[in-house]
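Colleague: no sequence for this one, just the structure:
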C-alpha cells in the first residue's frame, strides 16, 4: 500500500450528523473518521479523469439491476487512517482503553476470583469483568486514620470500617489520548518500564479548534441568505493542525485494466492536492510507495499461559461496525441471528467461541454453489473464546449522498442521508483465552491487521461493514489476570 501524508493548506471541516444552526456548531472539528478520508480519495479519483480503468455494475451475489450499466469505478480502493503524524514523522494512535495513567502498564485487568456471571449483570458471553489494578498506596491507611478498634465480642473490625485506601477506584483516565507507534508496541509486549516522555499527546497538543460564523446558502439557487436560507446564520467549528503536523493515510487501488495502482498515479509523488472534508478544504499530498506501513505491529507469539490457557488480547486501531443480524434477510434468506453492537459478528454470542477459521495455502473463490465462498487448501477452526472486554461509548458513523438521476436503482437516485451506524471506537480491548499455544498463534494471525506477514499490506479488516474504508484494524498483545490470578 501507499503511505500518503496530507498537509492541510487551511483549516479543515469534518461535520458529523448533528444539526448546525444558531448556537449548535455541528462538531466540525472532530478528528475525521476513516470513511471521510475514503470518500475524499474516491472523489479525487473521479475528478482525475483517468482513462482505461475497470468499470463494473452495481449489485452483489450476482444480482444486478435490470439493464444495469457498467458505470461504477474505483471499487478496488482501500484506505486506512487518518492518524496524526508529528513533524518528526512519528505516527500516533488512540490510547487503549485499559490504560488510565501515563505509562504503558494496564490499570484495568480481567479479574477471575468472582463468579461474575452468577452475581452480576455481566452480559454473555463474557466470564470476567475488568477491574482496577491496585497501586502500592492502596494498602496504606489514610493519614490520621487507621484500623478502627475491634469489638470485644468478635475481635474483628467493625463491619464497613478498617484500613482505607488513599486512592479511590475510578474510571477516569489521566493518560494522554494518543500514543506513538513505539509506545503502542511496547504496551503490546508488556514493557512496563518503557519511558513515555514525548511519546504521548492530547488533542490540544497538535491541533486547535477555531469557531466562525457563517450565512446559510439556499440549496436551490446556491445564493447565501435567500430562499430557504433567508435570515439563517450558523456557527461552525474548524480543525487547525499545528505547524508541520500531518494526517497519515494508507491507500491503494490496484486496477488490472489500467495496468497499475491508481493512487500512486493520482498523486505522482510529492505535491498533489486533494479535497478533504467539507467546504472544499484542500491538503497537499506526499505519496510514498513501496515502504512498510507505519501502523503498530501486533504479537504473533509469546502469549502468557495461565491454567492451561493462552491469553491473547486484541486492541482496535480504528473503529469497527458490527451490525445486528436478523434471522431472515430482506430477500427472505435464512441467516444466523447475532446481536452485534459491541460484540463482533465473528464471535458466538452464547459461548464466546471464535467463528473465524484459520486458512493457509492458496485461497480462491468457489462460485459453484448458490453463492460465492472462500476456499483454502487448509481450513481449520480456532479453539479460543472471548472472556472479557473493555468497550468505550460508541461513535456515530453517518454520511450524505448527492442525487444521481441517472441511476437505475431508485433508492440511490434520491440521495440524501445514508444509514447511521454505531461503531465501537478505536482503543477498545477484547480478551481471549486460547486452548493451546498453536491456537493462540492462529487467533493472532486472524486478528492482526498484518496477519503473519511483515506489515507491508493490510491483510485483516475485522469490521463487518466498511472494512474497505479502514474500519476494523487491530493488533494483538498478551494479558494477565488481576493480581496474577490463575
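Modeller: Structure's in. What do you need? All of these numbers come straight from a predicted model, not from anything done at the bench.
Colleague: can you give the distance of stretch 185-200 from its chain's centre?
Modeller: Taking CA atoms, centre = their mean, to the nearest Å, one finds stretch 185-200 lying 21 Å from the centre of the chain it belongs to.
Colleague: that stretch: which residues count as buried?
Modeller: Residues 185, 186, 187, 188, 190, 194, 196, 199, 200 are the ones in stretch 185-200 that count as buried (16 or more other CB atoms under 10 Å). Any C-beta I mention is one placed from the backbone N, CA and C, and that applies to glycine too.
Colleague: all helices for the stretch 301-450 of the chain, in order.
Modeller: With helices called from DSSP state H, counting those that start in this stretch, the stretch 301-450 of the chain shows them at 410-413, 437-447.
Colleague: ditto for the stretch 101-250 of the chain
Modeller: 116-119, 181-189.
Colleague: quick one, domains of this protein?
Modeller: Using automatic domain parsing, the domains assigned to the chain come out as 1-56+68-86+207-241+245-293, 94-134+172-201+295-486.
Colleague: quick check: mean pLDDT of the longest one?
Modeller: Right, the one you point to is domain 94-134+172-201+295-486. Average pLDDT, domain 94-134+172-201+295-486: 85.
Colleague: pull the number of nearby residues for the nearest residue to residue 275 once chain neighbours are set aside.
Modeller: Take residue 275 and drop its neighbours on the chain: the residue closest to it by CB to CB, 6 or more residues apart in numbering is residue 282, 5.6 Å away. Neighbourhood size, residue 282 [other CB atoms under 10 Å]: 16.
Colleague: quick one, phi/psi of residue 282?
Modeller: The phi and psi values for residue 282, taken as degrees, to the nearest 10, are phi -110, psi 160.
Colleague: now do the strands in the stretch 51-200 of the chain.
Modeller: 55-56, 59-60, 63-64, 72-73, 78-85, 92-94, 108-111, 129-132, 178-180, 200-201 (DSSP state E, counting those that start in this stretch).
Colleague: the longest helix along the chain vs strand 78-85, what angle?
Modeller: Ranked by residue count under DSSP state H, the longest helix found in the chain is helix 34-48. With axes from the mean of the first three to the mean of the last three CA atoms, to 10 degrees defining the directions, helix 34-48 sits at 110 degrees from strand 78-85.
Colleague: and the contacts of helix 34-48?
Modeller: For helix 34-48, the surrounding residues in contact (CB atoms under 8 Å, 6 or more residues apart in numbering) are 14, 73-74, 77, 79-82, 247, 249, 251, 253, 262-263, 266, 274-277, 318-319, 397, 399, 466, 468-471.
Colleague: can you pick out the most distant pair from the buried residues of stretch 185-200?
Modeller: Farthest pair in those (CB to CB) is 190 and 200. Separation: 17.5 Å.
Colleague: picking up where we left off before, return the most buried member of the helices of the stretch 301-450 of the chain.
Modeller: Scoring the helices of the stretch 301-450 of the chain by mean neighbour count under mean count of other CB atoms under 10 Å gives helix 437-447 as the most buried, with a mean of 23.
Colleague: follow-up on the earlier one: closest one to residue 294 among the strands of the stretch 51-200 of the chain?
Modeller: Closest approach to residue 294 among the strands of the stretch 51-200 of the chain (CB to CB): strand 78-85, 7.9 Å.
Colleague: how about the closest one: buried residues?
Modeller: Across strand 78-85, burial judged by 16+ other CB under 10 Å covers 78, 79, 80, 81, 82, 83, 84, 85.
Colleague: check the residues you listed for the minimum pLDDT and say which it is.
Modeller: Minimum pLDDT for those is recorded at residue 81 (86).
Colleague: so which residues of the stretch 201-350 of the chain form strands?
Modeller: Counting by DSSP E, counting those that start in this stretch, the strands of the stretch 201-350 of the chain are 207-215, 233-241, 246-252, 254-255, 260-261, 270-275, 282-288, 304-306, 309-316.
Colleague: residue 331 - how many residues pack around it?
Modeller: 7.
Colleague: an error on my part: the question was meant for residue 417.
Modeller: Residues near residue 417, counting by other CB under 10 Å: 10.
Colleague: from residue 396, how far out is it?
Modeller: Using CB to CB, to the nearest Å, one gets 12 Å for the distance from residue 417 to residue 396.
Colleague: repeat for residue 454
Modeller: Using CB to CB, we find residue 454 at a distance of 36 Å from residue 396.
Colleague: more neighbours: which of the two?
Modeller: residue 396 (12 against 9).
Colleague: just to check, that one is in contact with residue 422?
Modeller: Yes. Residue 396 lies in contact with residue 422 (CB atoms under 8 Å); the separation is 6.4 Å.
Colleague: quick one, what contacts residue 305?
Modeller: Residue 305 touches 311, 437, counting by CB under 8 Å, 6+ apart.
Colleague: look up how far residue 478 lies from it.
Modeller: 10 Å.
Colleague: and what of residue 106?
Modeller: 11 Å.
Colleague: ok, now residue 3?
Modeller: 28 Å.
Colleague: those two - which one has more neighbours?
Modeller: Neighbour totals were compared for residue 3 and residue 478, and residue 3 leads with 22 against 19 (other CB under 10 Å).
Colleague: what strand or helix carries the more buried one?
Modeller: Residue 3 is part of strand 2-8 when elements are defined by DSSP states H and E.
Colleague: what lines up beside that strand in the sheet?
Modeller: Paired with strand 2-8 in the same sheet, following DSSP bridges, are strand 246-252 (antiparallel), strand 282-288 (antiparallel).
Colleague: which of the ones you listed has the lowest average pLDDT?
Modeller: Taking the mean pLDDT of those, strand 282-288 comes last: a mean of 88.
Colleague: and that strand, which residues are buried?
Modeller: 282, 283, 284, 285, 286, 287.
Colleague: for residue 82, see how far away the second one is.
Modeller: Residue 283 sits 10 Å away from residue 82, taking CB to CB as the criterion.
Colleague: now do the shared contacts for the two.
Modeller: Listed as contacting both residue 283 and residue 82 by CB under 8 Å, 6+ apart are 6, 247.
Colleague: follow-up on the earlier one: what touches both of residue 305 and residue 478?
Modeller: Between them, residue 305 and residue 478 share these contacting residues under CB under 8 Å, 6+ apart: residue 311.
Colleague: which residues touch the residue nearest to residue 294 when sequence neighbours are not counted?
Modeller: Among residues not flanking residue 294 along the chain, residue 91 sits closest, at 4.3 Å (CB to CB, 6+ apart). Contact partners of residue 91, counting by CB under 8 Å, 6+ apart, are 83, 84, 85, 180, 181, 248, 294, 295.
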